[in-house]
Structure formats: C-alpha cells, structure tokens
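S.K.: My questions are about this predicted structure, shown below with the sequence.
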Amino acid sequence: RIPMLVMGDWLDEAFRTRLGAYWTMEQEALGNEFMRILAMIPSVGSPFHCGENTLRDLAAFSKVGGTIPKTLITSTKPELQSFLDETPNGVVCKKLNYSFHVGTASGYFGQYTEVVDAKALEKLPDGFGLTLCQERIPKFVELRIYVLLDQLFAMAIFSQSNERTRTDFRHEQTRMRTAPFQLPENIARLIRSFMKEIGTNTGSIDMILTPSNEYIFLEI
C-alpha cells in the first residue's frame with residue numbers, strides 16, 4: 001500500500017529535508033551516468049576535468065615525479081606563522097580553485113596571488129577562512145603551456161621586470177613581454193604523464209622557471 005500524502009506531510013520539515021536529499025541523490029545518479037557515457041566518446045578535453053581542482057592537480061604532478069611548491073591550507077594565524085618561519089623565500093596566499101572577480105559601482109574587486117609577510121600576518125586575526133598558502137618561488141620567467149593531445153605550446157612570460165606583475169602577472173598583462181619557449185624534453189615528458197594521470201588531453205598549465213633552472217608546477 002502507498003500512503004496518500006496530505007498537506008501536513010508537505011509542511012513536515014523532516015519529510016521535506018529527506019525528500020530534498022533523495023532528489024539530490026537521484027540527480028547525481030543520472031549525472032554520473034551521463035558523464036560516464038560522455039567519457040566513452042573520443043573528444044578534446046574530459047567531462048571529468050572541466051574545472052580547476054588545484055589540490056588534486058598538485059598531488060598528481062608530484063605523483064608523476066614533478067616539483068610543486070610547499071603548500072599549506074590553514075585557517076589559523078599560528079599555523080601560518082610556523083609556515084612562514086619554515087619558508088626562507090616567503091609565502092604567498094592564493095585562490096584554492098576559482099578566482100573571485102566582480103565590478104561594483106565603487107570599483108572593481110579582483111582576487112590575486114598576494115605576498116604574506118610579517119607585516120601582513122600581524123594584521124590577521126587569530127582565525128580566518130580556510131586559505132591556500134604556498135612558499136614563494138623565485139622566478140626567472142613564468143611559463144604558460146597549452147597542451148593539445150600530445151602537442152605542447154609553451155610561452156615565456158617576463159613578469160619580473162615590473163613590480164606590479166612580479167607576484168601575479170594578471171595585474172598588468174597588456175604591458176608584459178612574452179615569447180615562444182622550448183621546453184626541455186624531460187619536462188615535456190613529465191607534463192604528458194601528468195595529463196594522463198588526471199585523465200584529460202588538453203589544458204593550460206602554469207609553471208615557474210626559477211633562476212636555478214628548476215621547473216615548478218602551479219596549476220592547470
């Protein structure tokens with residue numbers, strides 16, 4: 001027997017909460033099957049890697065033998081202080097995944113990578129929202145590498161000649177010098193291994209080439 005729903009059932013909070021959770025699970029099951037079928041169709045890109053996932057990608061690049069920055073996710077000032085003490089080149093804070101940008105009547109608000117030094121740390125409260133922090137990597141140039149199947153197209157970004165672009169080149173992109181860049185074969189192989197690890201065949205990778213000729217992965 002299926003009971004008949006009455007108005008009182010719809011007003012019951014526990015019933016509506018459980019029904020909402022059930023509906024969400026049904027939608028997820030349908031979405032997962034749709035994605036599984038999409039993945040069987042040869043394509044450029046992957047339905048499972050349509051957005052950024054910084055933590056997963058850092059772990060994947062490290063797993064295939066690449067170098068990543070020392071990374072901390074924290075919400076407390078003492079932890080951030082300890083991290084700062086352990087990183088002689090300093091610390092930057094940045095987005096975890098997606099950047100926040102919005103224009104308002106009073107101006108444009110954008111989220112950029114910023115340096116966290118002792119002065120900035122002093123202004124922070126003891127507790128704050130979860131924040132991604134990384135060691136500050138010395139830069140010779142920044143690299144943007146577009147991957148299309150097995151082909152790699154790399155560009156050097158000369159961001160270090162301008163104070164405004166040294167930490168985040170997005171502050172003033174139109175005035176920066178860029179040039180084609182030839183990746184060493186060992187780095188090209190590493191990138192191809194990384195793309196297989198995360199299960200996609202296209203994307204734009206950001207890396208740093210340090211003055212000591214190290215290639216450090218940031219994100220895709």
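M.R.: Thanks, I have the structure now. Numbers count the residues shown, from 1 in each chain.

S.K.: State the number of residues packed around the nearest residue to Thr74 once chain neighbours are set aside.
M.R.: Nearest non-adjacent residue to Thr74, counting by CB to CB, 6 or more residues apart in numbering: Leu80, 5.5 Å away. Any C-beta I mention is one placed from the backbone N, CA and C, and that applies to glycine too. Leu80: 21 surrounding residues under other CB atoms under 10 Å.

S.K.: buried ones in whichever strand or helix holds Leu80?
M.R.: Assigned by DSSP states H and E, Leu80 falls within helix 77-86. The neighbour-count check on helix 77-86 (16 or more other CB atoms under 10 Å) flags Leu80, Gln81, Phe83, Leu84 as buried.

S.K.: Asn89 versus the second one, what's the distance?
M.R.: Distance of Gln81 to Asn89, computed by CB to CB, to the nearest Å: 16 Å.

S.K.: Show me which positions of whatever helix or strand Ile73 lives in end up buried.
M.R.: In this assignment (DSSP H and E), Ile73 forms part of strand 71-76. Using 16+ other CB under 10 Å as the test for burial, strand 71-76 gives Thr71, Leu72, Thr74.

S.K.: For the residue nearest to Thr74, which residues are in contact?
M.R.: Counting by CB atoms under 8 Å, 6 or more residues apart in numbering, Leu80 makes contact with Leu72, Thr74, Val91, Val116, Leu121, Leu124, Thr131, Cys133.
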